[in-house]
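Student: coords please:
(one chain, ligands or ions: 1)
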Amino acid sequence: MKTEEILKKNESSDTVKGTIGRRSVIGWFWKVVGALAVIEMGWITSSVLRSSQHSKTDTSKELVDVGMVAEFTPGTVTPVPLGQFHLACLADGSFLALSKSCTHLGCSVPWDEKKKKFVCPCHGSTFDLHGVVLTAPALRPLDYYPVFIENGLVRVDVSKPMRRDAFGPTQTSRV
Ligand code: FES
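Tutor: Below you'll find the predicted structure:
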């Protein structure tokens, strides 16, 4: 073989080795990039799922802490300005959270301690301790909010007032 031919062959062999080496490095580079992309997608997906679960929990309840069970006497009503509701402690010790909004035209209804009933200042509707209508023009009971008792603490979910046609024990909560 001539020297020229030998040199060409060696050059071409080096070129092939160099190409294979570069291809191998590029191949590994893309594998690493692909793996990182998969990891990042997994992280993004889990973050989105976690945040949507959080927001569900956060928006499903808006709890207002009213006080410890022992602080309330059966047969009394405590106005809670922060939540725009009254907390009634019924004769059996259970709790009922009543909206302050009159079911006639929405005036704020205070509890009259002397008369032992809610008296609307706008058109005179009255409601008993359970929020049930005693005197028209209001036709349906005051709306209520779910009450939760956790470790002796009375908590009221004010996220949405519950409409009702009558009083029932499922509207109350007790220890
Ligand atoms: S708004 Fe209460 S009686 Fe009319």
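
Student: following the helix-or-strand element of the chain with minimal mean pLDDT, which helix or strand comes up?
Tutor: Within the chain, no helix or strand scores below helix 3-60, which has a mean of 59 by mean pLDDT, DSSP states H and E. Sequence-wise, the next helix or strand downstream of helix 3-60 (DSSP states H and E) is strand 63-68.

Student: thought Ala166 was touching His130?
Tutor: No - shown here, Ala166 and His130 do not form a contact pair, counting by CB atoms under 8 Å, at 9.2 Å. Heads up, the C-betas are built off the backbone N, CA and C, glycines and all.

Student: Between the two, tell me which one has more neighbours.
Tutor: His130 (17 against 10; other CB atoms under 10 Å).

Student: can I assume that one is in contact with Leu96?
Tutor: Yes - using CB under 8 Å, His130 is in contact with Leu96, at 6.4 Å.

Student: Now do the shared contacts for these two.
Tutor: 88, 90 (CB atoms under 8 Å, 6 or more residues apart in numbering).

Student: got a list of what Val66 touches?
Tutor: 78, 80, 83, 87, 154-156.

Student: Could you count how many residues lie near Val158?
Tutor: 19.

Student: How about the contacts made by it?
Tutor: 62-64, 83-85, 145.

Student: Need the worst-confidence member of those.
Tutor: By pLDDT, Gly83 ranks lowest within the contacts of Val158, coming in at 71.

Student: tell me the phi and psi of that residue?
Tutor: Main-chain torsions, Gly83, degrees, to the nearest 10: phi -100, psi 0.

Student: since we're on it, how many residues are nearby?
Tutor: As a burial measure, Gly83 scores 20 neighbours (other CB under 10 Å).

Student: Go ahead and confirm it touches Asp157.
Tutor: No - between Gly83 and Asp157 there is no contact under CB under 8 Å: 9.4 Å.

Student: Give the residues shared as contacts by those two.
Tutor: Contacts common to Gly83 and Asp157, judged by CB under 8 Å, 6+ apart, are Tyr145.

Student: any idea which of the contacts of Val158 has the most stuff around it?
Tutor: Most crowded among these, counting by other CB under 10 Å, is Phe85 at 26 neighbours.

Student: Give me the distance between that one and Arg174.
Tutor: 18 Å (CB to CB, to the nearest Å).

Student: Please give the number of neighbouring residues around Val154.
Tutor: Neighbour number of Val154 under other CB under 10 Å is 25.

Student: Thanks again, I'm all set now.
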